[in-house]
Every structure is written in structure tokens, then in C-alpha cells.
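Asks: Quick one, what's the 3D model for this:
(one chain, ligands or ions: 1)
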Amino acid sequence: MWIDWTDGAAYCLGQMNRDCWYLYTLSHPFGEGDEWRGVNEPDQTLEVLMMDLDTDAMQIFTRQASSDARQATQKSGIHKILPGVQIDDFLFDPCGYSMNGILANGSYMTIHVTPEPHCSYVSFESNIPMASYRDVLVRVLACFRPAKFIMTVFANKGSVALSSHKELDGATHIGAYQRKDLHSCQFHKYHLTYAHYVKFPS
Ligand SMILES: C[S@@+](CC[C@H](N)C(=O)[O-])C[C@H]1O[C@@H](n2cnc3c(N)ncnc32)[C@H](O)[C@@H]1O
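Replies: Numbers count the residues shown, from 1 in each chain. Okay, the predicted model is just below:
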């Protein structure tokens with residue numbers, strides 16, 4: 001069957017001359033009474049994209065400092081980010097790390113670490129439903145200690161995470177981090193908050 005995916009859009013959030021985040025959306029082409037169109041059940045995604053990370057924290061994700069992935073997971077504290085998570089982790093040679101985790105309720109988390117100092121980068125993503133992501137975020141930041149990070153929360157109608165948008169509106173500071181940018185967007189079925197934080201003094 002031929003599907004015409006014409007209902008797509010590209011967005012750029014943040015400062016286009018500095019750190020920014022590209023978003024590509026696509027609406028399901030069926031609908032209008034015909035068929036199911038997109039996700040109807042409660043759905044949410046938290047993403048934390050971290051840059052310029054602490055060198056000691058990054059050292060853990062090298063074969064020099066950790067003998068295997070399990071050791072890197074334990075030493076970094078990744079296993080404590082979402083208590084009870086079942087983890088499948090991998091430590092690259094000579095460095096680099098990836099993990100996927102699953103919780104009893106079916107929620108996932110995934111982390112990818114690039115520890116090389118000239119381009120250090122860590123991404124965290126989870127669809128765990130929470131009314132507040134503050135505690136999870138604080139635990140993620142404690143593992144990797146970035147100099148700056150972007151966080152995004154997507155939540156649709158019916159998701160408990162809808163209330164996290166309001167909390168994020170007021171979060172001008174999170175621990176040692178100061179907010180530099182905040183965007184709030186409404187899409188067809190989802191609300192999105194984008195925020196950029198920098199460790200101060202920066
Ligand atoms: C964890 S992977 C993930 C990259 C991906 N772009 C991301 O961030 O989602 C990147 C890290 O693994 C390291 N690495 C080592 N061997 C690799 C391989 N065969 N494939 C991909 N990354 C490798 C890279 O040097 C880097 O530090």
C-alpha cells in the first residue's frame with residue numbers, strides 16, 4: 001500500500017547560533033473518522049542531552065577504569081537512576097558505553113555515553129510516567145556532571161507527566177544549574193517543554 005507521509009514538520013528549539021535541538025514530527029496519515037490516528041493512550045518521554053561532562057565521571061566509561069559494562073554501570077550510579085530497572089549494558093573498547101533498561105511496568109530507559117574529552121556527550125531517555133521528573137533528573141546529573149544540558153518532556157492528554165510542564169516552567173534553577181532557555185510548544189496531541197541549563201558560574 002502506498003502511504004503519502006506529507007504531514008511532517010521540522011522545528012528548531014533553542015538558539016540557532018548556539019546549543020539547539022531539532023525536532024521532526026510526523027502525523028499518522030490515516031484518521032478523520034476512518035482509522036486510529038496516532039497514540040491515544042497516556043504517553044510521555046523525558047530526554048536529557050548532556051554536553052561537556054566531568055572528566056572523572058567520563059573516565060568510568062573507559063576500559064582503563066572499568067573492566068566491564070556492569071562495573072561502569074555500578075560505579076557511575078546508573079543502576080540507581082530508576083530503582084528496580086533491569087539493565088542490558090555494553091562497554092566499548094577503548095571507551096564508550098550504551099545501556100537499555102526495562103522496568104516491571106514496561107517503561108524503558110536508555111543511555112549512551114561518548115566520554116572522549118574533546119566531544120563528550122551523554123544522552124538519557126525514558127518513557128517512565130511521572131508527575132515530576134525532578135528527582136530522576138537530579139540522579140542523572142549526579143552520574144555524569146555535565147557543564148550544560150538540554151532537557152525535553154513530551155506528554156499527551158491523559159499522561160501524569162502533563163503536570164511536569166508546569167513544574168518545569170518554574171524551574172529557573174536545578175541544583176547548580178541555571179536555565180538559559182525555555183520553550184513551551186503545543187502539538188496536535190502532545191505538549192512539549194524544552195529547557196536549556198548551564199552550570200553557573202558559566
Ligand atoms: C556509546 S556510542 C553511542 C553513539 C551515538 N551517536 C549516541 O550518542 O547515541 C559512542 C561511544 O562509543 C565509542 N565506540 C567505540 N567503539 C564503537 C563502535 N564500534 N561503534 C560505536 N561507538 C563506538 C565511541 O568512541 C564513543 O565514545
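
Asks: and the helix or strand Thr152 falls within, anywhere near the ligand?
Replies: Per DSSP states H and E: Thr152 is located in strand 146-156. No. In terms of Cβ under 6 Å from any ligand atom, no part of strand 146-156 sits within range of the ligand; the closest distance is 13.6 Å. Quick note: C-beta positions are derived from backbone N, CA and C, even for glycine.

Asks: what packs against that strand?
Replies: Applying 3 or more Cβ pairs under 8 Å, 6 or more residues apart in numbering; DSSP states H and E, one finds that strand 146-156 contacts strand 44-53, helix 162-170, strand 190-199.

Asks: Now tabulate those in JSON lines and tack on distance to Ile111 and mean pLDDT.
Replies: Converted to JSON lines, those look like this (distance: least, Cβ to Cβ, whole Å; pLDDT from 0 to 100):
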{"stretch": "strand 44-53", "distance to Ile111": "9", "mean pLDDT": "98"}
{"stretch": "helix 162-170", "distance to Ile111": "20", "mean pLDDT": "93"}
{"stretch": "strand 190-199", "distance to Ile111": "18", "mean pLDDT": "96"}
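
Asks: looking at the ones you listed, which is closest to the ligand?
Replies: strand 44-53 (9.2 Å; Cβ to the nearest ligand atom).

Asks: Give me the neighbour count for the residue of the chain found nearest the ligand.
Replies: Closest contact between the chain and the ligand, by Cβ to the nearest ligand atom, is at Gly96 (2.0 Å). Neighbours of Gly96 under the rule other Cβ atoms under 10 Å: 16.

Asks: for it, what are its contacts?
Replies: Shown in contact with Gly96 (Cβ atoms under 8 Å, 6 or more residues apart in numbering): Phe61, Val113, Thr114, Pro115.

Asks: Top of those by number of neighbours, please.
Replies: Phe61 (29 neighbours).

Asks: For this structure, which segments count as strands?
Replies: 8-14, 20-26, 44-53, 86-91, 97-102, 108-114, 121-126, 146-156, 173-174, 177-186, 190-199 (DSSP state E).

Asks: And for Gln15, the neighbour number?
Replies: Gln15 has 11 nearby residues by other Cβ under 10 Å.

Asks: tell me the phi and psi of it?
Replies: Here is the backbone geometry of Gln15 (degrees, to the nearest 10): phi -90, psi 120.

Asks: Can you tell me the closest non-neighbouring residue to it?
Replies: Leaving aside its sequence neighbours, Gln15 sits nearest to Asp181 (Cβ to Cβ, 6 or more residues apart in numbering; 6.7 Å).

Asks: Tell me the bridge partners for the one you found.
Replies: His196 (DSSP bridges).

Asks: wouldn't it be in contact with Val198 here?
Replies: No. Counting by Cβ atoms under 8 Å, Asp181 does not reach Val198; the two are 9.5 Å apart.

Asks: Which positions in this structure make contact with the ligand?
Replies: Within the chain, the positions near the ligand by Cβ under 6 Å from any ligand atom are Phe92, Cys95, Gly96, Tyr97, Ser98, His112, Val113, Thr114, Pro115, Glu116, Ser123.
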